[in-house]
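> When you get a sec, could you give me coordinates for this:
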Amino acid sequence: MLDYAHTMQVPLPSRLSAGALAWASVSAFIQAAGIRSTPDPARIALAYRSDRLLTIDGAAPDVWSPLSGFWRSRDGWVRTHGNYPHHAQRLLDGLGLADAAHLEQAFAELTSAEAVARITGRGGLAVEVLGEDPARDALLRSTPLVDVAHHPSPDDRSPRTQNGLEGARILDLTRVIAGPVCTRSLALLGADVLRIDPPDLPEPEWQHFDTGHGKRSALLDARSPRLHDLLDRADAVVLGYRPAALARMGLSPEELVERHPGLVVAQLSAWGIDAPERAGFDSLVQAESGIAMIESPDGDRPGALPAQALDHSAGYLLAASVVSLLERRRTESGSWITRTSLRRIAAELLGMPRRLTPEPEQHIDPAEHTAVFEVGGRMLTTARPVIPEREFRAPRPWGADQPRW
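I've put the predicted structure just below:
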């Protein structure tokens, strides 16, 4: 559980305690890093909304696909996610549509359950918008917010440095927000972070620039023997793909620590290891867990948190765990597996105090909370880091580096 005793007010207006969750998550990371400075609540709020500060050559990117959103069904609401082209196509295929022109009508003719079944049956992403389930959330809160397991093994892998994360090698197998926030935070502390992406699945440019700070970016098929060569020389790996997909490629955490003794393995998933086949994103977890209806503006239409707070909080909390475990590895042999999920973070938020109405929106001047970089001839404006007195290094262009240390 997080310590909320000394929570400062982070201006993320919502009925649920999104600001308190953000403060506690960032504070856990800063404490693990051994940094004594107090973070700025305004800086945290803008970092959690970093996609709203991002500009590329002076223009704000369009970060949401028209296929991502809430849709009224015959008996309720459905939340979809179609930001990646392959997810968008599968959503349309599931509904038997050639394009998005008649999407609203298609949902209106189906129950929520029918629409979700058709979309997910074709590999698309959609969930029913549900009310909260207090019993389910209480059960989740009885489990660790970030689970840690030690795996004894003969370990000849010695740390590359004696202080902090300087020089530690982190392999980044994540996408979207939570995992990249985790690895971006580790890079901020001096780690050598190498992000690996599949060659046939391009990352949206804005998304990579938003969370790619301080990392090298390479393309490599995860089934390539070269990946295990990288793992042999890594200190830690951060996983962000579906647990079942990782297992099919021989990359489950248990297989990794067996094959690479001494490795710290950090795993992020949307729904947890009890739902290994389910893909998901922050917005979908908000919708199915009950958060969307709690944040409803009128008691009918679903709402949303003022930021992708589940993603960002999961990223900072897992980064804190990786920092702590790399430090423990200096004195204890063996391997470590640490895990959390967006659904577990959602349960934590749903157990915190809430308000009847959101607090008013506060204006924050972004000028002192943004940084400017030149990347591959493009001018980027991005959010600055939440750690006081630290600054990001520029993102690298996606896929611009070689898959090697």
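> Below-threshold pLDDT in the protein: ranges please.
Applying pLDDT under 70 to the chain flags the ranges 1-7, 154-163.
> all strands for it, in order.
With DSSP state E as the criterion, the chain has strands at 55-56, 69-72, 77-80, 126-128, 147-151, 169-173, 192-197, 215-219, 236-239, 264-269, 335-341, 370-375, 378-383.
> Which neighbouring elements make contact with the last one?
Right, strand 378-383. helix 50-53, strand 55-56, helix 205-211, strand 370-375 (3 or more Cβ pairs under 8 Å, 6 or more residues apart in numbering; DSSP states H and E). Placement of C-beta: from N, CA and C, glycine included.
> what comes into contact with the shortest one?
The set of residues that contact strand 55-56 without belonging to it, under Cβ atoms under 8 Å, 6 or more residues apart in numbering, is Pro61, Glu205, Trp206, Phe209, Arg378, Met379, Leu380, Thr381.
> Count the residues that sit near the fourth one.
The one in question is Phe209. 26 (other Cβ atoms under 10 Å).
> and if you look at the third one?
Each residue near Trp206 was counted by other Cβ under 10 Å, and the total is 16.
> cool, Met379 as well?
12.
> what sits against it?
Contacts of Met379 by Cβ under 8 Å, 6+ apart are Ile56, Asp57, Gly58, Val372, Phe373.
> quick one: the second one and Arg378 touch, right?
Yes: Asp57 sits in contact with Arg378 when judged by Cβ atoms under 8 Å, with a separation of 5.8 Å.
> More neighbours: those two, which one.
Between Asp57 and Arg378, counted using other Cβ under 10 Å, the more crowded position is Arg378 (13 against 9).
> ok, the residue nearest to Arg259 when sequence neighbours are not counted - how many residues close by?
Distances taken as Cβ to Cβ, 6 or more residues apart in numbering put His228 closest to Arg259, at 7.0 Å, once the chain neighbours are dropped. His228: 14 surrounding residues under other Cβ under 10 Å.
> okay, now Glu277: neighbour count?
9.
> So which residue of this structure lies furthest out from the middle?
For the chain, the largest distance from the centre (Cα atoms, centre = their mean) belongs to Glu109, which lies 33.5 Å off.
> that older thread, highest average neighbour count across the helices and strands packed on strand 378-383?
helix 205-211 (a mean of 22; mean count of other Cβ atoms under 10 Å).
> could I get stretch 20-39 in CSV with only the CA atoms?
Taking Å, rounded to 0.1, in the frame of the first residue of the first chain, the C-alpha atoms of stretch 20-39 are listed here in CSV:
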residue,chain,number,x,y,z
ALA,A,20,-3.2,12.0,-4.2
LEU,A,21,-2.4,8.8,-6.2
ALA,A,22,0.0,10.8,-8.4
TRP,A,23,1.8,12.4,-5.5
ALA,A,24,2.2,9.1,-3.7
SER,A,25,3.5,7.3,-6.8
VAL,A,26,6.0,9.9,-7.8
SER,A,27,7.1,10.2,-4.1
ALA,A,28,7.7,6.5,-4.0
PHE,A,29,10.0,6.7,-7.0
ILE,A,30,11.9,9.7,-5.7
GLN,A,31,12.4,8.1,-2.4
ALA,A,32,13.7,4.8,-4.0
ALA,A,33,16.1,7.0,-6.0
GLY,A,34,17.5,8.4,-2.8
ILE,A,35,16.6,12.0,-3.8
ARG,A,36,15.6,14.2,-0.9
SER,A,37,14.1,17.1,-2.8
THR,A,38,10.4,17.7,-2.6
PRO,A,39,8.6,17.4,-6.0
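> Now that stretch: buried residues?
Neighbour-count burial for stretch 20-39 flags 20-30, 32-33, 39 (criterion: 16 or more other Cβ atoms under 10 Å).
> quick one: which of those residues is nearest to Thr183?
The shortest approach to Thr183 among the buried residues of stretch 20-39 belongs to Phe29, at 12.4 Å (Cβ to Cβ).
> Tell me how far that closest one lies from Thr38.
Distance, Phe29 to Thr38, by Cβ to Cβ, to the nearest Å: 13 Å.
> One more: Arg122?
To Thr38, Arg122 is 49 Å away according to Cβ to Cβ.
> Asp137 too?
Counting by Cβ to Cβ, the separation of Asp137 from Thr38 is 31 Å.
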